[in-house]
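Student: I would like to see how this sequence folds:
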Amino acid sequence: MAKLYKRLLFFTLFLASIGSFAAEYNLFKNSGDLDSSYLSLIEKEELLTGDRLIADAGRVFLFEKVLGRGKTTVVLEVIEQKTNKRMAMRLPAPSQQVTFKSAKRYLNATLEGYAPLVENGIPLVEIYFHQEASYALVELVDVDFDLKTFLTRPESLDKNLFPRAEEALIEFAKRSAQYTKIGDFHFEQLIYSSKRNKWILLDWSSGHYLAENENAIILLSPDSFIDIAIRYDSLGHPVYDKTMLGKTMVRRKITEREKRLYRKLREVTKKRRLQILDENQKSLEKILDKLRLASSLEDYRLIYDEASKGIQMYPYSHALRENFIDEHVRKYFSLGFSIANYIYIKNKLGFHFEYDHTKLIVKAIKKTSSLSELLSLLLIENIETYDNIYQNRINKAIAIHLDFLLDTPYVPKATARELLKMEFLKSAFKRKIARKANVFFKGAKSCFFIMKDSFF
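Tutor: Alright, predicted model coming up:
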């Protein structure tokens, strides 16, 4: 008996020692920046099941397997050591088309696009945690197949699932009827889970477009069906023809099954949109009545929080934005301007596209009380990507307000340098800012060298 006990004890200690040899990898450098060395570990298949990934604040995740990799992101299955919760970890992953910096921005865009989709009732994976430009922890779902496989390679799937999957797809079309586009949407991002009997969106970015009317293009658009109208082999790889000019994918005709399904999706989408438009009009009238009585920031927040609930189409959200700019923006910012209040109204009402957003930011610029506050406002935007006509409107607002902001004995050098880096800002304004900073800082670099640091 004693010998048997010793053998069991030895075996237990042996198993424990195996676990103790699991490797540990820090996802972050000592500086706090994301360490991209995990990409090499994944590519070389050196990241093994049970290895520990050390994230921010000492959070430890046990690596299980690689779930997939796209143009901007790699997705790992992990278990958080403290909670024993299994989830998917998304990390930036560059490709030939995308730099590491751009991949990190894309991760942020996923979070930016999340709240509107949740508010509009789109079935999608839940984001549990997100650290800016670093990683995200999201819900792990059981996947039977994606929409592309469902349409292009039905022979590879369990046909017993087809009737339920088709009905579930029609339900998804109803729930997404308000959209003509979801950021980065394509058929491989939409998966069917027989366990939930739902089509679920796995990935997206920001930049969603709401339908203007019932006849607008549907989310599951004809172009999307045409894009996948190519031949695939049994493994799901495209079939190519070799020509003198190189390889070209072999196209195929859209099947009668696909045509029938598209017609049904278009029909239910149109019907649902007409219902949404009617509901939106009734809601809008009530919201505008309440806004006329708003007298505090708390009033505005309560009303706009209410207004954002429920399913919306473009005429409703556009009317709220126009109403805010025409009748409420001065009062709202006068009640207490801050970057936080600006961000709230921008996100809540959806001031994300150049035309609408330029109107809002011009009003906000006039309310900034210091150069540092102006910088904070400009840093959260991406004005360099805007058309010149909108950049000029923003510059015009800055021109009107800049002398007021520079009428101070103190302009922080760091603030000046950050403003000088902004490409869209006109040179005349940069000279004023640099001159003011140079006058105040004794022994500081001359205006020329401040400009040099900013541009070279």
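Student: What about residue 298, how many residues nearby?
Tutor: 10 (other C-beta atoms under 10 Å). (C-beta placed from N, C-alpha, C; glycine too.)
Student: For the helix or strand hosting it, name the packing helices and strands.
Tutor: Here residue 298 is covered by helix 297-307, with elements defined by DSSP states H and E. Applying 3 or more C-beta pairs under 8 Å, 6 or more residues apart in numbering; DSSP states H and E, we find helix 297-307 packed against helix 256-291, helix 339-349.
Student: Can you check what angle separates it from helix 339-349?
Tutor: Angle, helix 297-307 to helix 339-349, by axes from the mean of the first three to the mean of the last three C-alpha atoms, to 10 degrees: 20 degrees.
Student: Check which residues of helix 297-307 are buried.
Tutor: For helix 297-307, the neighbour count (16 or more other C-beta atoms under 10 Å) marks 297, 300, 303, 304, 307 as buried.
Student: closest to residue 142 among these?
Tutor: residue 307 (35.9 Å; C-beta to C-beta).
Student: Helix, strand or coil: sort out the residue nearest to residue 71 when sequence neighbours are not counted for me.
Tutor: Spatially, and ignoring its direct neighbours in sequence, residue 71 is nearest to residue 95 (4.7 Å; C-beta to C-beta, 6 or more residues apart in numbering). Put simply, residue 95 is coil when judged by DSSP: H, G, I helix; E, B strand; the rest coil.
Student: same check, this time on residue 369
Tutor: Secondary structure, three-state DSSP: residue 369 is coil.
Student: ok, it - contacts?
Tutor: 337, 405 (C-beta atoms under 8 Å, 6 or more residues apart in numbering).
Student: again, but for residue 100
Tutor: 36, 92, 94.
Student: pLDDT weak spots in the stretch 151-300 of the chain?
Tutor: Applying pLDDT under 70 to the stretch 151-300 of the chain picks out residues 244.
Student: again, 80 this time
Tutor: 243-246 (pLDDT under 80).
Student: Could you pull out the strands in it for me?
Tutor: Taking DSSP state E, counting those that start in this stretch as the criterion, the stretch 151-300 of the chain carries its strands at 179-181, 190-193, 198-201, 209-210, 240-243, 246-249.
Student: Nearest to residue 267, out of these?
Tutor: strand 179-181 (16.4 Å).
Student: Next, the residues that contact the closest one from outside, please.
Tutor: Residues outside strand 179-181 that contact it (C-beta under 8 Å, 6+ apart) are 120, 122, 207, 208, 209, 210, 211, 216, 217, 218, 219, 221.
Student: most neighbours, which of those?
Tutor: The residue in these with the most neighbours, by other C-beta under 10 Å, is residue 211 (24 neighbours).
Student: circling back to that earlier point, how about the strands of the stretch 151-300 of the chain in a markdown table, adding distance to residue 379?
Tutor: Formatted as a markdown table, the strands of the stretch 151-300 of the chain follow (distance: least, C-beta to C-beta, whole Å):
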| stretch | distance to residue 379 |
| --- | --- |
| strand 179-181 | 28 |
| strand 190-193 | 35 |
| strand 198-201 | 30 |
| strand 209-210 | 26 |
| strand 240-243 | 46 |
| strand 246-249 | 43 |
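Student: Just say which of those strands is most tucked in.
Tutor: Most buried of the strands of the stretch 151-300 of the chain by mean neighbour count (mean count of other C-beta atoms under 10 Å) is strand 190-193; its value is a mean of 23.
Student: what pairs with that strand, and is each one parallel or antiparallel?
Tutor: Taking DSSP bridges as the criterion, strand 190-193 sits next to strand 145-146 (antiparallel), strand 198-201 (antiparallel) in its sheet.
Student: Need the contact partners of the last one.
Tutor: Going back to what we said before, that points to strand 198-201. For strand 198-201, using C-beta under 8 Å, 6+ apart, the contacting residues are 117, 122-125, 141, 147, 165, 168-169, 171-172, 182, 185, 189-193.
Student: mind redoing it with 6 Å?
Tutor: Applying C-beta atoms under 6 Å, 6 or more residues apart in numbering, the external contacts of strand 198-201 come out as 123, 124, 141, 168, 169, 172, 190, 191, 192, 193.
Student: give me every residue that touches the first one.
Tutor: Translated: residue 123. 198, 200.
Student: give me phi/psi at it?
Tutor: Dihedral pair for residue 123: phi -70, psi 120, per degrees, to the nearest 10.
Student: Can you check the pLDDT for it?
Tutor: For residue 123, the model assigns a pLDDT of 97.
Student: what about it, distance to residue 179?
Tutor: 13 Å (C-beta to C-beta, to the nearest Å).
Student: same deal with the fourth one?
Tutor: From residue 168 across to residue 179, the span is 18 Å (C-beta to C-beta).
Student: what's the neighbour count on residue 213?
Tutor: 12.
Student: likewise residue 321?
Tutor: Counted by other C-beta under 10 Å, the residues lying close to residue 321 total 20.
Student: tell me how far the ends of stretch 43-50 are from each other?
Tutor: Length of stretch 43-50, first residue to last, C-alpha to C-alpha, to the nearest Å: 17 Å.
Student: repeat for stretch 55-66
Tutor: 17 Å.
Student: what residues does that stretch touch?
Tutor: Contacts of stretch 55-66 (C-beta under 6 Å, 6+ apart): 27, 47, 49-54, 76-81, 131.
Student: Residue 245: which of these is nearest?
Tutor: Checking those against residue 245 by C-beta to C-beta gives residue 76 as the nearest, at 39.4 Å.
Student: State the three-state secondary structure for the residue nearest to that closest one when sequence neighbours are not counted.
Tutor: Excluding its sequence neighbours, the residue lying closest to residue 76 (C-beta to C-beta, 6+ apart) is residue 89, at 4.6 Å. Assigned by three-state DSSP, the conformation of residue 89 is strand.
Student: will you turn the strands paired with strand 190-193 into JSON lines that also has distance to residue 255?
Tutor: Output for those, formatted as JSON lines (distance: least, C-beta to C-beta, whole Å):
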{"stretch": "strand 145-146", "distance to residue 255": "17"}
{"stretch": "strand 198-201", "distance to residue 255": "19"}
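Student: How about the contacts made by residue 106?
Tutor: By C-beta under 6 Å, 6+ apart, the contact set of residue 106 is residue 72.
Student: So for the host helix or strand of it, what gets flagged as buried?
Tutor: Using DSSP H and E, residue 106 sits within helix 100-112. Neighbour-count burial for helix 100-112, counted by 16+ other C-beta under 10 Å, picks out 103, 104, 106, 107, 108, 109, 110.
Student: Hey, what's the angle from that helix to helix 339-349? Just curious.
Tutor: Orientation check (the same axes, to 10 degrees): helix 100-112 against helix 339-349 gives 70 degrees.
Student: Can you list the neighbours in contact with the helix or strand that comes right after helix 100-112?
Tutor: With elements assigned by DSSP H and E, the helix or strand that comes after helix 100-112 is helix 114-119. With C-beta under 6 Å, 6+ apart as the contact definition, helix 114-119 has outside contacts at 124, 127, 208, 308.
Student: Lovely, talk soon.
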